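Asker: here is a sequence together with a model predicted from it:
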Amino acid sequence: MNTDSRLLRRAALAAADSVVLDNTPWSLARNQIQDETGIRIPSDVLESAVRETWATFKPIEHKAVLQAKRLCALRALQMLAPNDAWLCGAVLNGCAGPETSIRLEVFEDEAKGVLISLLDSGIDVQAIDDELSPVGEPDLSLGFLLKNDISGNFEAIRVEIFPRHFKSRNPRKRRPDFWQVPWEASGRIQAQELVKVLVSH
């Protein structure tokens, strides 16, 4: 590891310590360290550092958090059936904390149809502001709360609806790091596959 790589790793771990141990928002933690060091921390490097920090300092707690959130995400995916829905983001890739929202992607050409199906199911869902997504700009973003049967807390569910042809884009897919198993680095996962890995994990 050369000097630049060592400095980047040190900066990423410092930001990760702030995220995991002090519950600092990701963007604030990264910006603070970048301002202090002048080192730009790429998202994939910070994500890996956060996973490492959880595994080092709070492995049992973090495993429980991920399991509970992933089971809740599975319920949300099942509520979205038969739409083409996928879990993505921090809950999938293993760097989520207790306050992390559950992020889902849906690939359907009729975005309002997804909204109507959720409303017809009795879910108190609302249109929410779009957030920057590496996939592209969603046609519609929806949000609702879902009770986590394990923790008893309510999880914030974010659903981003994209046209079907956006499905070929999977920018979150990466090579697994030391702290991940392959499916956690897959970028997105559907309900039927999530069931399998949760049972075996």
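Answerer: Okay, I see it. Residues are numbered from 1 along each chain as shown.

Asker: so how far is the longest helix seen in the chain from its chain's centroid?
Answerer: Secondary structure of the chain per DSSP state H: the longest helix is helix 59-80. From the chain centre to the centre of helix 59-80 is a distance of 11 Å (Cα atoms, centre = their mean, to the nearest Å).

Asker: mind listing what's buried in it?
Answerer: Across helix 59-80, burial judged by 16 or more other Cβ atoms under 10 Å covers 62, 65-66, 68-77, 79-80. Quick note: C-beta positions are derived from backbone N, CA and C, even for glycine.

Asker: likewise stretch 190-201?
Answerer: Neighbour-count burial for stretch 190-201, counted by 16+ other Cβ under 10 Å, picks out Ala191, Leu194.

Asker: tell me the mean pLDDT over it?
Answerer: Predicted confidence along stretch 190-201 averages 92 (mean pLDDT).

Asker: what comes into contact with that stretch?
Answerer: Contacts to stretch 190-201, defined as Cβ atoms under 8 Å, 6 or more residues apart in numbering, come from residues 67, 70-71, 73-74, 77-78, 81, 85-87, 181, 183, 189.

Asker: follow-up on the earlier one: what packs against the longest helix of the chain?
Answerer: Counting contacts by 3 or more Cβ pairs under 8 Å, 6 or more residues apart in numbering; DSSP states H and E, helix 59-80 is packed against strand 85-88, helix 90-93, strand 102-107, helix 111-120, strand 140-147, strand 154-162, helix 191-200.

Asker: please repeat the previous calculation with a cut-off of 10 Å.
Answerer: helix 43-57, strand 85-88, helix 90-93, strand 102-107, helix 111-120, strand 140-147, strand 154-162, helix 191-200 (3 or more Cβ pairs under 10 Å, 6 or more residues apart in numbering; DSSP states H and E).
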